[in-house]
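**Student:** Sequence and predicted structure are below.
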Amino acid sequence: MNYMLLLYVEDRPAPGTPEAAAARAAMVAYHDELAARGALVASDPLAPPRSATTLRERGGRLTTTDGPFAETREWLGGYVIVDCADLDEALRLAALCPTVASGAVEVRPLVAVPGRDAAGQRR
């Protein structure tokens, strides 16, 4: 079963700093570990919330807003999708993520859609 690990961060170190290099190295090591276990399906960082555009349709009218829906200290900084036997395994893998030390990792099962494969394509 696939699980999505939602990585919440408060901030990222400035690019080119020793802190950024250390954070990147920690995430690369984490990805390498997931790949070695055969659990890594996909993973990507997300740009900061200030780059987001939120869309809403209300009463037939589509509106766009710069930024996220809500202002919070923590923001969704990226995701990892892992293939695990069960929730317990997904939680063990999430606990290895460097983000747990400075932010949070939310674990959610992905819901299979009848007639679609794991990539969302029609079967």
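**Tutor:** Yes, it's here. Residues are numbered from 1 along each chain as shown.

**Student:** Can you spell out which helices and strands pack onto the longest helix along the chain?
**Tutor:** Among the elements of type helix in the chain, defined by DSSP state H, the one spanning the most residues is helix 18-36. Here helix 18-36 is seen to pack against strand 40-45, strand 75-83 when contacts are counted using 3 or more CB pairs under 8 Å, 6 or more residues apart in numbering; DSSP states H and E. No exception for glycine: its C-beta is placed from N, CA and C like everyone else's.

**Student:** Most tightly packed of those?
**Tutor:** A comparison of the helices and strands packed on helix 18-36 by mean neighbour count, using mean count of other CB atoms under 10 Å, puts strand 75-83 on top with a mean of 19.

**Student:** and A119, what pLDDT?
**Tutor:** Model confidence at A119, expressed as pLDDT, equals 61.

**Student:** how much space between A39 and H31?
**Tutor:** As defined by CB to CB, to the nearest Å, A39 lies at a distance of 10 Å from H31.

**Student:** Kindly report the same for L5.
**Tutor:** When CB to CB is applied, the distance between L5 and H31 equals 12 Å.

**Student:** more crowded one of the two?
**Tutor:** Between L5 and H31, counted using other CB atoms under 10 Å, the more crowded position is L5 (22 against 14).

**Student:** which ones are touching that one?
**Tutor:** For L5, the contacting residues are Y79, V80, I81, V82, A90, L93, A94, C97, V105, E106, V107, by CB atoms under 8 Å, 6 or more residues apart in numbering.

**Student:** For it, which non-adjacent residue is closest in space?
**Tutor:** Closest residue to L5 apart from its sequence neighbours, by CB to CB, 6 or more residues apart in numbering: V80 at 4.3 Å.

**Student:** For the one you found, name its beta-bridge partners.
**Tutor:** In this structure, V80 has the following beta-bridge partners (DSSP bridges): L5, S43.
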